[in-house]
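# pasting the sequence and the predicted model now:
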Amino acid sequence: MDVYLPIANLSVNGLFIVLLGGLTGILSGLFGVGGGFLTTPLLIFYGIPPTVAAASAATQVTGASVSGVLAHSKQNGVDYRMGAVMVGGGVVGALIGALLFSALQSLGQIDVVINVLYVLMLGTIGSLMMREAVDALRPGSKTGGNQPRKRRHHPLVAGLPFRWRFYRSGLYISPLAPLILGTLVGVLTMLMGVGGGFILVPAMLYLLGMSGNVVVGTSLFQILFVTMVTTMTHALTTKAVDIILAGLLLLGSVLGAQFGTQIAMKARPEVLRLVLAAIVIAVALRMLYGLGVQPDEIYTVSPL
């Protein structure tokens, strides 16, 4: 079933794109991540231009985040005050990212930058996840045992001025910390088409010291609005959003998320983390290989 993508300017197998969206949906249901960090590189492997892949993946993450926010909101799992601060930072970050995107695009280097960022990001995340999963599976591991850990925010966060009280998170910290964090994620969302949950969740836990029962919901709340802004900014400035591609991905991700949730209820978390880490590292190595070999088409012609 061939489908023409007008912005990418090529025909693709529509069923394959839906299945790819289904894969990211399964990952979302299994691990609580948006899946954008794998969607974009897999689209690039398939032949979608990196700019279109990043912009369209951000659109897909927007749709996939809606149901997650609603579900967590019903369980009082969203700190709206913290989320609003991070959304503000994310909007600023998205605008900064848009300027960087346009500047790199005009220099002809945006594709290289996207690929290099993904190699660094996926390689780091995959290695950390692999180490954690192997330690947890090792016989006699004390990872889940008797190591009491009291959540406290990082000393750098404690030293920031203008403290606010975030009641749902149980924190009394400066809003500058989540604002800076949101800005960083906004830049990454604009450049790479990721929601940023893989960065937000650990940072909210270990840097801000947020309560675990509101971290995922608040992260999704921030991702939802920042990817909305990112999508609109891409549509108005870079004009790289392919709505047909995003729609096919979203269709698959909605179905895949239900399947992934069922698997997550039955499988061991350590094994799941090990599998995801292996996938992430494999994708990073494939992208690194792609950066070092001569492409099939050395020259391309694009309309002005």
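Received it, and whenever you're ready, just let me know what you need. Numbers count the residues shown, from 1 in each chain.

# pLDDT score for the residue lying closest to I281 once chain neighbours are set aside?
Counting by Cβ to Cβ, 6 or more residues apart in numbering, I281 lies nearest to G126, which is 3.8 Å off, once chain neighbours are set aside. Every residue, glycine included, has its C-beta placed from N, CA and C. Here, the pLDDT recorded for G126 equals 77.

# in the stretch 151-300 of the chain, which spans are helices?
155-158, 176-192, 197-206, 212-233, 243-264, 269-292 (DSSP state H, counting those that start in this stretch).

# average model confidence for the third one?
It refers to helix 197-206. Model confidence over helix 197-206, given as mean pLDDT, is 73.

# okay, and the helix or strand of this protein with the least pLDDT?
Lowest by mean pLDDT, DSSP states H and E among the helices and strands of the chain is helix 155-158, with a mean of 68.

# how deep is M228 tucked in, by neighbour count?
Using other Cβ atoms under 10 Å, M228 is surrounded by 21 other residues.

# so it is in contact with T62, correct?
Yes. The pair formed by M228 and T62 meets the contact definition of Cβ atoms under 8 Å, at 5.3 Å.

# where does S11 sit: helix, strand or coil?
Judged by DSSP: H, G, I helix; E, B strand; the rest coil, the three-state class of S11 is strand.

# is it bridged to anything, and to what?
Y4 (DSSP bridges).

# what pLDDT does it get?
86.

# where's it relative to A57, distance?
Relative to A57, S11 is positioned 19 Å away (Cβ to Cβ, to the nearest Å).

# between the two, tell me which one has more neighbours.
A57 (33 against 10).

# secondary structure element holding the more buried one?
helix 50-74 (DSSP states H and E).

# buried stuff in that helix?
When burial is assessed from 16 or more other Cβ atoms under 10 Å, helix 50-74 yields the following buried residues: 50-65, 68-69, 72.

# just checking, what packs against it?
helix 14-31, helix 36-46, helix 110-137, helix 176-192, helix 212-233, helix 243-264 (3 or more Cβ pairs under 8 Å, 6 or more residues apart in numbering; DSSP states H and E).

# okay, now D135: neighbour count?
Neighbour count of D135, defined by other Cβ under 10 Å: 12.

# likewise for the one 4 residues further on?
P139 sits with 4 neighbouring residues when counted by other Cβ under 10 Å.

# I'd assumed it was in a helix, is it?
No. Under three-state DSSP, P139 falls outside any helix and is assigned coil.

# how far away is it from A278?
Applying Cβ to Cβ, the value for P139 to A278 is 20 Å.

# mind saving the C-alpha coords of stretch 183-190 as PDB?
Extracted C-alpha coordinates of stretch 183-190, given in PDB (Å, rounded to 0.1, in the frame of the first residue of the first chain):
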ATOM      1  CA  THR A 183      14.100  25.200  28.100                       C
ATOM      2  CA  LEU A 184      16.700  22.500  27.500                       C
ATOM      3  CA  VAL A 185      14.100  19.900  26.600                       C
ATOM      4  CA  GLY A 186      12.300  22.500  24.300                       C
ATOM      5  CA  VAL A 187      15.500  23.000  22.300                       C
ATOM      6  CA  LEU A 188      16.000  19.200  21.900                       C
ATOM      7  CA  THR A 189      12.300  18.800  20.900                       C
ATOM      8  CA  MET A 190      12.700  21.300  18.100                       C
END
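
# list of residues touching that stretch?
58, 86, 89-98, 100-101, 117, 194-196, 199-200, 222-223, 226-227, 229-230, 233-234 (Cβ atoms under 8 Å, 6 or more residues apart in numbering).

# can you pull the buried residues of stretch 109-117?
Going by neighbour count (16+ other Cβ under 10 Å), the buried part of stretch 109-117 is 110-111, 113-115, 117.

# sorry, back to before: out of the helices of the stretch 151-300 of the chain, flag the one nearest L42.
Proximity to L42 (Cβ to Cβ) singles out helix 269-292 among these, at 7.2 Å.

# and for Y46, the neighbour number?
14.

# which ones are touching it?
Neighbouring residues of Y46 by Cβ under 8 Å, 6+ apart: 12, 16, 20.

# now for the second one: which residues touch it?
With contacts defined as Cβ under 8 Å, 6+ apart, F16 is in contact with Y46.

# ok, now how distant is it from V271?
Relative to V271, F16 is positioned 27 Å away (Cβ to Cβ).
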